[in-house]
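>>> Could you work out the structure for the sequence below:
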Amino acid sequence: MKLRILSIALVMISLFSCSSDDTSMNDTNNSDYFPLTTGNEWNYSNSSQTQEEQEVTDDEMLTITSENDNAYAFNSSADPLERGIITGILANGNLSKQNGQLVYNGEYVVDLSLYNLDNLTIPLTDLVVYDINASAGENLSNISNTIDQTFNIQGQAIPLVIEYSLNTQQNEILESYNVSGTSYENVLKSSVSLTLEVNADIMVSIPLLEEQEVLTSSNYYAENIGLIYSENQANYNFEDLSQFGVPNMDLTSIDSSQSIESYVVE
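Below is the predicted model:
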């Protein structure tokens, strides 16, 4: 009799344990890593350095200015060339939240002024910035397309065919992360990468930029605060087309970052 009671007890414990495990596996993360309310603002210290040149620093304030159908638009206080990569993207579009995802609609303007080139504008539709319920290493979005555009390359009009692929990926959630001496708890990390291939259409197709990853961006979002840090590296390794009459453009590497200084969020 005692053995039978013990067996029943063990079965009940086992069933209870299985039920508890199933519940924990189906739990979703309800944390808010980017509060979206009109009037919210974030102040950043931006820094950038091109190869061996002196580091340049600027201040930038990002503000949510309006809301339309749960999509929130942003404004940046900085001139376009002084904006950080991520805040510059946000200022050219809007954010919304869908089932734990932060979703962006707008455009990414690739600044090519260092090469005396016209900027390249990449439209972005339903780009998933992060997903609080995704696993670390999970790919979130891929936006690929081809653009035919004539660029003014150092005084010469050159028709170009541009193939691009922009990807976002979920990274880990950190217990804490330090920015400018301040420790932030429960920080979500996600990343963005951009691959470009550019061919000049000069009677025949001539590679100007072989397929390469030209941008990597790692971004950190603190719970109930938003973007607290962004680290970016851009590299452009152009081919030598001087024999075709196209001025040569040197390899350029640009390191930039954005660090949160203060914020007001609801």
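>>> quick check, V161 in a helix?
No. The assignment for V161 (DSSP: H, G, I helix; E, B strand; the rest coil) gives strand, which keeps it out of a helix.
>>> Find the nearest non-adjacent residue to it, please.
N199 (4.8 Å; Cβ to Cβ, 6 or more residues apart in numbering). Quick note: C-beta positions are derived from backbone N, CA and C, even for glycine.
>>> so which helix or strand takes in that neighbour?
Under the criterion of DSSP states H and E, N199 resides in strand 182-202.
>>> Now do the buried residues in that strand.
Residues of strand 182-202 classed as buried: 184, 186-192, 194, 196-200, 202 (neighbour count, 16 or more other Cβ atoms under 10 Å).
>>> In stretch 218-226, which residues are buried?
By neighbour count on 16+ other Cβ under 10 Å, the buried set for stretch 218-226 is 218-223, 225-226.
>>> An error on my part: the question was meant for stretch 115-124.
Within stretch 115-124, the residues that qualify as buried are 115, 117, 120, 122, 124, counting by 16+ other Cβ under 10 Å.
>>> Check stretch 93-102 too.
Quick answer for stretch 93-102 (16+ other Cβ under 10 Å): 93-97, 100-102.
>>> Beta-bridge partners for L209, please?
Assessed by DSSP bridges, L209 has beta-bridge partners V198.
>>> my guess is it contacts N237, does it?
Yes. Taking contacts as Cβ atoms under 8 Å, L209 lies within contact range of N237: 7.3 Å.
>>> Between these two, tell me which one has more neighbours.
Just comparing L209 and N237: by other Cβ atoms under 10 Å the higher neighbour count belongs to L209, 19 against 13.
>>> who's in contact with that one?
Contact analysis of L209 by Cβ atoms under 8 Å, 6 or more residues apart in numbering lists 196-198, 236-239.
>>> With that, I have no additional questions.
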